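[1] Task: produce atomic coordinates for the following.
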Amino acid sequence: MAVDVISSPIPFEDYFSLDDSECEQRIIEAKQALGEDLVILGHHYQRNEVFRHADYSGDSLKLSRNAASSDARYIVFCGVHFMAEVADILSRPDQIAILPDMAAGCSMADMANRINVDKAWQEMSAVFDPDTLVTPITYINSAADLKSFCGKHGGIVCTSTNAPHVLDWAFSQREKILFFPDQHLGRNTGFKMGIPLEEMVVWDFDKPMGGLTPEALKNAKMILWKGFCSVHQMFQPVQIDNFLKKYPETKVISHPECSFEVCQKSHYVGSTEYIVRTIAESEPGTRWLVGTELNLVNRLHEQFSAEGKSVHFMSPTVCMCSTMFRVDPQHLLWVLENLLEGHVVNQVSVEPDTAAQAKLALQRMLDLPI
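    Residues are numbered from 1 along each chain as shown. Prediction:
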């Protein structure tokens, strides 16, 4: 079937006037009609009304592998922009990556851009040759041009699942690491691997030389970009302390995008896949305090309540990924029904030269053991 790529906003009245049940039924019918031409990938942080329609669900690493191995013509990524970029980079030329709402971005990814990273690399060259001494690592929560930067400079991509393996690989290449955009994942992973905090410095991209002295750069094993996740920064050590006073038997599990202090007070630290697996494999009647996005925590609470497991959200404040939340059933239905009519809306396509370099960095990651 021939398709044409169009650029148009979602017809608000046609879709947002639908009630939930009709919207859901039309999504199911569109999926059935598209058949094997379509695969829907859903990140753990998606709202349930969208998550239930995913053919594959998981964290960024798992979904990256799903995108790379998919035979479908259309890869609809219910997540955020950088995830759809990864799907486009790893898929075949005849496949099309689609993001239901192009406004679904990532505030963490926005904290590191190619201009500032190029500038940092150049400024480091006043102290040492970074291409000889520094392996750049970008968290998968970053734009394609930063993955391309890593591909160009002998670097690699990581996820919260495989970060320790990626750091091992990086240190086998060169003696230092530049880690962006999330300082917390870098710090928590490095510390767990035995790197002292004093050998990790934070590069403040708003300051000349990152706000660091030449001596600090020379002594550092890890140079951490001053970036963070707006969701995970909401979790605080005092929230753990207060909860444990009330329920001392609680097991605390946190995502490594949380602060160092929160992760140090947690019994378990790991990716969303790790969090799901750990709670699933725990004994019936276990109580959990979870430091990650609200949609996932609520889903775990519902999923395991029949086993007597109590799953609690760490923050007393409602804290969900607002950009991930932008992908709603109405946008999903809109892109699917356009595909049925031979139209592609919201295609995500990475420029070929950028994609080629980014794929090098992504493939280095995918070639490592999980």
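
[2] tally of neighbours for Asp204?
    14 (other Cβ atoms under 10 Å). All C-beta spots, glycine's among them, are computed from the backbone N, C-alpha and C.

[3] Next: Gln25.
    12.

[4] helix or strand for it, which one?
    helix 20-34 (DSSP states H and E).

[5] Buried residues, that helix. List them.
    23-24, 26-27, 30-31, 34 (16 or more other Cβ atoms under 10 Å).

[6] On the three-state scheme, the residue nearest to the spatial centre of the chain is what?
    Taking Cα atoms, centre = their mean, the centroid of the chain lies closest to Asn141, which sits 4.5 Å from it. Secondary structure, DSSP: H, G, I helix; E, B strand; the rest coil: Asn141 is coil.

[7] List the residues that contact it.
    Taking Cβ atoms under 8 Å, 6 or more residues apart in numbering, we find Asn141 in contact with 60, 82, 106, 108-109, 181-182, 229.

[8] Would you mind writing the CA trace of stretch 271-281 as PDB?
    Output in PDB follows, covering the C-alpha atoms of stretch 271-281 (Å, rounded to 0.1, in the frame of the first residue of the first chain):
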ATOM      1  CA  SER A 271      16.000   0.300  35.900                       C
ATOM      2  CA  THR A 272      12.200   0.200  35.400                       C
ATOM      3  CA  GLU A 273      12.600  -3.400  34.200                       C
ATOM      4  CA  TYR A 274      14.600  -4.200  37.300                       C
ATOM      5  CA  ILE A 275      11.900  -2.600  39.500                       C
ATOM      6  CA  VAL A 276       9.100  -4.600  37.900                       C
ATOM      7  CA  ARG A 277      11.000  -7.900  38.100                       C
ATOM      8  CA  THR A 278      12.100  -7.400  41.700                       C
ATOM      9  CA  ILE A 279       8.600  -6.600  43.000                       C
ATOM     10  CA  ALA A 280       7.200  -9.400  40.900                       C
ATOM     11  CA  GLU A 281       9.600 -11.900  42.400                       C
END
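
[9] can you start the count at 3 instead of 1 from here on
    From this message on, residue numbering opens at 3, which makes the last subject stretch 273-283.

[10] Tell me the buried residues in it?
    273-278, 280-281.

[11] now do stretch 47-60
    Of the residues in stretch 47-60, 47-49, 51-53, 55-56, 59-60 count as buried by neighbour count, 16+ other Cβ under 10 Å.

[12] try stretch 210-226
    Per 16+ other Cβ under 10 Å, stretch 210-226 contains these buried residues: 211-212, 214, 218-219, 222-226.

[13] Spatially, which two of those are the most separated?
    Spanning the widest gap among the buried residues of stretch 210-226 are Met211 and Lys223, at 17.9 Å by Cβ to Cβ.

[14] Okay, and the closest residue to Asn50 other than its chain neighbours sits in which element?
    Counting by Cβ to Cβ, 6 or more residues apart in numbering, Asn50 lies nearest to Arg301, which is 6.5 Å off, once chain neighbours are set aside. Under the criterion of DSSP H and E, Arg301 resides in helix 296-306.

[15] Direction included, what does the helix or strand just after that helix pair up with?
    Downstream of helix 296-306, the first helix or strand assigned by DSSP H and E is strand 312-315. According to DSSP bridges, strand 312-315 has the following sheet partners: strand 289-293 (parallel).

[16] Could you list the low-confidence segments of the stretch 3-152 of the chain?
    3-9, 63 (pLDDT under 70).

[17] Now with 90, please.
    3-15, 21-22, 45-50, 59-73, 81-85, 105-113 (pLDDT under 90).

[18] now the helices for it?
    With DSSP state H, counting those that start in this stretch, the ranges of helices along the stretch 3-152 of the chain come out as 14-18, 22-36, 50-53, 62-71, 83-92, 109-112, 116-126, 132-135, 146-154.
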